[in-house]
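**Student:** Turn this into a model:
(chains A, B, C and D)
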2 protein chains.
Amino acid sequence: MKKADTRIQKKNQAVILKAGLEVFSQYGFRGATIDQVAEAAGLSKPNLLYYFPSKEAIYTALLSQLLEHWLEPLKALDREGDPVEEILSYAKRKLAMSRDYPQESRLFANEIIQGGPRIGDVLRGELKELVDETSKVIDAWVAAGRIKPVHPYHLIFSIWALTQHYADFDVQVRAIMGDQDPFESAEDHLEVVIRRVLTI
Amino acid sequence: MKKADTRIQKKNQAVILKAGLEVFSQYGFRGATIDQVAEAAGLSKPNLLYYFPSKEAIYTALLSQLLEHWLEPLKALDREGDPVEEILSYAKRKLAMSRDYPQESRLFANEIIQGGPRIGDVLRGELKELVDETSKVIDAWVAAGRIKPVHPYHLIFSIWALTQHYADFDVQVRAIMGDQDPFESAEDHLEVVIRRVLTI
DNA sequence: ATAATATTTGACCAACTGGTCAAAGGAACG
DNA sequence: CGTTCCTTTGACCAGTTGGTCAAATATTAT
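**Tutor:** From the prediction side, this is the model:
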């Protein structure tokens, strides 16, 4: 039936996902409306529903697409590398993502804050697995005396918190920092903090 | 007209605010409905609207009530005290609030993530002022050589991020930590991190 | 050009939304 | 007891919401 992916289909699906990201990241799933997404996409509502069967379908498509992108940096962490530099580079990549893809971050934050009803399984499955593995690496580094002792889970949470904060609470950060670009100084701060916490 | 505050009025207003906190913190302003709040409060919708003129009135009442409570700990920071212990005690109070009032945290997070349309003025006003003052204290501590050099804004952001994360991303944290209580180990981790970052 | 297929749209619908209102039910007070 | 004021509610309303559908239009293949 809908197997053919003409270039107009690919284009419109991409346009819709982009529009959906804008709208859902700002209002959350329940707060967003199909009409808003349609308008942001420059399509009529029925036309939008020609490409995606429902509001939920757009949202979940966004979520799963986003998660892949999101977990990538953590997978890139190399147990053979220098511990501090590895963790530092992970944190910096994560901060860069907050700068370059703040909407993705806010979409995810909205979903989690609201209890993660459409993503809980992934959290308890793939995400937990990945975090558990990374934790083992961190524990090994600690045991080998290559970084100061840290609770691996909380170290990872800390990096998430410190980096995503700049995307999710962007308004608050900018309200306080005024003209200054938060991200430049944030990167320096992040590096200082991580080095002090981990370097033996 | 409505000056008399009978005890039934006080009670119902409190019940409504509590219900509003539940519902708004979970769905955000746009995602929540008056009917949900009314049901959570155990009142009929018209009865609820007898005590508050509109959905927005409940929400803004919650926001301003919450902000007072929220900024209190930062005001309690004492420039005459021991720098590390002062900052540490602030961070611990903030973490305790994430544990004891997670809904407040999520309500606030929802508002900020969605661009803070009903709170932006407070952020740029009272909040910025308070943060600026605190920053001066931190800078003075740094200048006096009593803590290691830090960017004061980012130090404050870091504490907010590290503590609120446990309330706002509760689902994610628990998905990864399973049975373990996040808050116990989080407090230890927080203390370790702050001491390593600040202690000379 | 013609037929088949893919895309777009206006009109429509039932359910839900925030909010109103007049009337009914209670509490308090002389 | 009756009156006044506070509280509660069922019925209602206009606007919005997610979603449908048949018909119109554009694209593609033959």
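
**Student:** neighbours around residue A:68, how many?
**Tutor:** A total of 9 residues lie near residue A:68 under the criterion other C-beta atoms under 10 Å in any protein chain shown. Bear in mind the C-beta positions are built from the backbone N, C-alpha and C, glycine included.

**Student:** now swap in residue A:143 and tell me
**Tutor:** Around residue A:143 there are 9 residues (other C-beta under 10 Å).

**Student:** wait, what's in contact with the residue of chain A found nearest DNA strand C?
**Tutor:** Nearest to DNA strand C, among the residues of chain A, is residue A:46, at 3.2 Å (C-beta to the nearest atom of the strand). Listed by C-beta atoms under 8 Å, 6 or more residues apart in numbering or on different chains, residue A:46 has no contact partners.

**Student:** Now do it, the pLDDT please.
**Tutor:** With respect to pLDDT, residue A:46 has a value of 96.

**Student:** repeat for residue A:33
**Tutor:** Value listed for residue A:33 in the pLDDT field: 97.

**Student:** From residue A:12, how far out is it?
**Tutor:** As for residue A:33, its distance to residue A:12 is 19 Å (criterion: C-beta to C-beta, to the nearest Å).

**Student:** repeat for residue A:163
**Tutor:** Counting by C-beta to C-beta, the gap from residue A:163 to residue A:12 is 33 Å.

**Student:** In terms of neighbours, single out the busier of the two.
**Tutor:** The neighbour comparison of residue A:163 against residue A:12 (other C-beta under 10 Å) goes to residue A:163, with 26 against 19.

**Student:** picking that back up, in terms of helices and strands, where is the residue of chain A closest to DNA strand C?
**Tutor:** Using DSSP states H and E, residue A:46 sits within helix A:45-51.

**Student:** what's the following helix or strand after that helix?
**Tutor:** Immediately after helix A:45-51, counting by DSSP H and E, sits helix A:55-75.

**Student:** Could I get the buried residue list for that next one?
**Tutor:** Of all the residues in helix A:55-75, those buried under the rule 16 or more other C-beta atoms under 10 Å in any protein chain shown are A:55, A:58, A:59, A:62, A:63, A:66, A:67, A:70, A:73, A:74.

**Student:** Does anything pack onto it? Which helices or strands?
**Tutor:** helix A:7-31, helix A:34-41, helix A:83-100, helix A:102-113, helix A:128-143 (3 or more C-beta pairs under 8 Å, 6 or more residues apart in numbering or on different chains; DSSP states H and E).

**Student:** if we can go back for a sec, is it possible to get TSV of the buried residues of helix A:55-75 that adds pLDDT?
**Tutor:** Converted to TSV, these look like this (pLDDT from 0 to 100):
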residue	pLDDT
A:55	98
A:58	98
A:59	98
A:62	97
A:63	96
A:66	93
A:67	91
A:70	93
A:73	96
A:74	95
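
**Student:** JSON lines please, covering those residues and showing distance to DNA strand C.
**Tutor:** Below are the buried residues of helix A:55-75 laid out as JSON lines (distance: C-beta to the nearest atom of the strand, whole Å):
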{"residue": "A:55", "distance to DNA strand C": "13"}
{"residue": "A:58", "distance to DNA strand C": "15"}
{"residue": "A:59", "distance to DNA strand C": "17"}
{"residue": "A:62", "distance to DNA strand C": "19"}
{"residue": "A:63", "distance to DNA strand C": "22"}
{"residue": "A:66", "distance to DNA strand C": "24"}
{"residue": "A:67", "distance to DNA strand C": "27"}
{"residue": "A:70", "distance to DNA strand C": "30"}
{"residue": "A:73", "distance to DNA strand C": "35"}
{"residue": "A:74", "distance to DNA strand C": "37"}
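
**Student:** follow-up on the earlier one: the helix holding residue A:46 and DNA strand D in contact?
**Tutor:** Yes - Helix A:45-51 lies within reach of DNA strand D by C-beta under 7 Å from any atom of the strand, at A:45, A:46, A:49.

**Student:** Stretch A:19-35 too?
**Tutor:** Yes - Stretch A:19-35 reaches DNA strand D (C-beta under 7 Å from any atom of the strand) through A:32, A:33, A:34, A:35.

**Student:** Which single one of those is nearest to residue B:87?
**Tutor:** Closest to residue B:87 out of the residues of stretch A:19-35 next to DNA strand D is residue A:32 (39.1 Å), distances taken as C-beta to C-beta.

**Student:** these two touch, right, that closest one and residue A:26?
**Tutor:** Yes - look at residue A:32 against residue A:26 with C-beta atoms under 8 Å: they come within range, at 7.5 Å.

**Student:** Outline the domain layout of chain A.
**Tutor:** Here the domain parsing of chain A from automatic domain parsing is A:1-53, A:64-198.

**Student:** Pick the most deeply packed of those.
**Tutor:** Among the domains of chain A, domain A:64-198 has the highest mean neighbour count (mean count of other C-beta atoms under 10 Å in any protein chain shown), at a mean of 18.

**Student:** got a list of what residue A:144 touches?
**Tutor:** With C-beta under 8 Å, 6+ apart, residue A:144 has no contacts at all.

**Student:** and it, what are its phi and psi?
**Tutor:** phi -80, psi 0 (degrees, to the nearest 10).

**Student:** Below-threshold pLDDT in chain A: ranges please.
**Tutor:** Within chain A, the stretches with pLDDT under 70 are A:1-5.

**Student:** Any residues of it in contact with DNA strand D? List them.
**Tutor:** Counting by C-beta under 7 Å from any atom of the strand, chain A sits next to DNA strand D at A:6-8, A:32-35, A:45-46, A:49, A:53-56.
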